[in-house]
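Chemist: quick one, what's the 3D model for this:
(one chain, ligands or ions: 1)
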Amino acid sequence: AAITYEHIKTCKQTGARLGIVHTPHGSFETPAFMPVGTQATVKTMSPEELKEMGAGIILGNTYHLWLRPGNDVIKEAGGLHKFMNWDRPILTDSGGFQVFSLSEFRKIEEEGVHFRHHLNGSKLFLSPEKAMEIQNDLGSDIMMAFDECPPYPATYEYMKASVERTSRWAERCLKAHARPEDQGLFGIVQGGEFEELRKQSAKDLISLDFPGYAIGGLSVGEPKDVMNRALEFTTPLLPANKPRYLMGVGSPDSLIDGAIRGVDMFDCVLPTRIARNGTLMTSEGRLVVKNAKYERDFGPLDPNCDCYTCKNYSRAYIRHLIRANETFGIRLTSYHNLYFLLRLMEQIREAIRNDRLGDFREEFFEQYGFN
Ligand SMILES: CC#C[C@H]1NC(N)=Nc2cc3[nH]c(NC)nc3cc21
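Modeler: Numbers count the residues shown, from 1 in each chain. Predicted structure coming up:
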């Protein structure tokens, strides 16, 4: 099989698990954070820098790469790994969420989704089969099924119909998947905050025997306790011998709380997105480097960080670059934020090894300033 999960151990203090996911482009330890490279680049970072900071796997987006430069161009380049010079694992999302979050006037039918191009308004159509064809062309190690992404919040009736369609589409994805021996296809469990529907969705997808399962429909604006509760009744439904991927998550506290609830894989645009306006994740909480109080602060962004940015540059210098709109400033802040989250995942894995993730949560929340 293209994707296999090796369970190492479960934390004695929490439900968190330490594991390794094996893919055709190498293996990565879990719980893992996946930097997002939507348009075939993790914004401003080189592959060498991503490796240096310990990124084991990165994410690409079917929707964006289909529209530009086109999956045909990337296929001709020899696939996304060659095109972007990244020889480690790549996971691609299927486009379902981007249609829901980027495009208007979408019309959902059994066949697929009709919508407008989010930049030039031209008419577009995505279906389970089309999403499989694009990801097969991209050659990602992990592909996502094409799911129907309901708005948040949604009524029970709407969500029920949506879950049933997502299950029918998952079956169509499996049938259309050209090279299961080279690329692993993950099903996406839906159902919002309704336990019955999460159970139904999980049951339908498990019967199709995917090599891994994503939990969709979260990190779409719901309160954190709603997300945590949904995780508590969803992750136990999923097979223990396969990876569990929580899509679109997240902030440091959500990564810890997701790992505690048995999640193995995460992705989020947060680190690079907030880096672009000079907001940094540090061991003492968030820091907005443009703030005047850093004008003559010649210390590192984070005194407890040993990343390239924190070892070589000061808050004052980075504040100056960001205010002067110098690209190097965004590179330094992006590098630090990605490093911060990747190091947090290493600390979570270490805490699981030592059966103390609950204690680590207390220490981290106290220092970072979470309630
Ligand atoms: C409804 C639904 C759903 C999921 N379906 C697919 N294909 N991708 C996702 C990406 C996400 N990103 C975030 N938050 C940033 N939540 C996500 C959820 C999904």
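
Chemist: what about the closest residue in space to residue 127 that isn't next to it in sequence, neighbour count?
Modeler: Among residues not flanking residue 127 along the chain, residue 112 sits closest, at 2.9 Å (Cβ to Cβ, 6 or more residues apart in numbering). From N, CA and C alone the C-beta is placed, and that goes for glycine too. If you count neighbours by other Cβ atoms under 10 Å, residue 112 ends up with 21.

Chemist: next: residue 168.
Modeler: Per other Cβ under 10 Å, the neighbour tally for residue 168 reads 13.

Chemist: re earlier: wait, what's in contact with the residue nearest to residue 127?
Modeler: Residue 112 sits next to 125, 126, 127, 128, 129, 130, 146 when contact means Cβ atoms under 8 Å, 6 or more residues apart in numbering.

Chemist: among those residues, which are in strands?
Modeler: Judged by DSSP state E, the contacts of residue 112 include 125, 126 as members of strands.

Chemist: tell me the SS of the residue of the stretch 201-350 of the chain found nearest the ligand?
Modeler: Nearest residue of the stretch 201-350 of the chain to the ligand: residue 248, at 2.1 Å (Cβ to the nearest ligand atom). Under DSSP: H, G, I helix; E, B strand; the rest coil, residue 248 falls in the coil class.

Chemist: quick check on it: phi, psi?
Modeler: Taking degrees, to the nearest 10, you get phi 80, psi 20 for the backbone angles of residue 248.

Chemist: and for it, the neighbour number?
Modeler: Residue 248 is flanked by 21 other residues according to other Cβ under 10 Å.

Chemist: who touches the closest residue to it other than its chain neighbours in this structure?
Modeler: What sits nearest to residue 248 in space, not counting adjacent residues and going by Cβ to Cβ, 6+ apart, is residue 219, at 3.8 Å. Contact analysis of residue 219 by Cβ under 8 Å, 6+ apart lists 227, 246, 247, 248, 249, 250, 254, 268.

Chemist: quick one: which of the residues you listed is most hemmed in?
Modeler: Neighbour-wise, the contacts of residue 219 (other Cβ under 10 Å) top out at residue 246, 29 neighbours.

Chemist: can you pull the contacts of that one?
Modeler: Residue 246 touches 214, 215, 218, 219, 231, 258, 263, 265, 266, counting by Cβ under 8 Å, 6+ apart.

Chemist: among those, which are in reach of the ligand?
Modeler: Restricting the contacts of residue 246 to those near the ligand by Cβ under 6 Å from any ligand atom leaves residue 219.

Chemist: returning to that earlier point: which of the contacts of residue 112 sits closest to the ligand?
Modeler: Closest approach to the ligand among the contacts of residue 112 (Cβ to the nearest ligand atom): residue 146, at 7.5 Å.

Chemist: what's the separation between the nearest residue to that closest one once chain neighbours are set aside and residue 125?
Modeler: The spatially closest residue to residue 146, leaving aside those adjacent along the chain, is residue 131, at 3.8 Å (Cβ to Cβ, 6+ apart). The gap separating residue 131 from residue 125 is 11 Å, by Cβ to Cβ, to the nearest Å.

Chemist: in terms of neighbours, single out the busier of these two.
Modeler: Shown here are residue 131 and residue 125; by other Cβ under 10 Å, residue 131 has more neighbours (30 against 13).

Chemist: that one and residue 57, how far apart?
Modeler: Distance of residue 131 to residue 57, given as Cβ to Cβ: 20 Å.

Chemist: can you list the contacts of residue 246 in TSV and add secondary structure and pLDDT?
Modeler: Shown next, in TSV, are the contacts of residue 246 (DSSP: H, G, I helix; E, B strand; the rest coil; pLDDT from 0 to 100):
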residue	secondary structure	pLDDT
214	strand	98
215	strand	98
218	coil	95
219	coil	93
231	helix	98
258	helix	98
263	coil	98
265	strand	99
266	strand	98
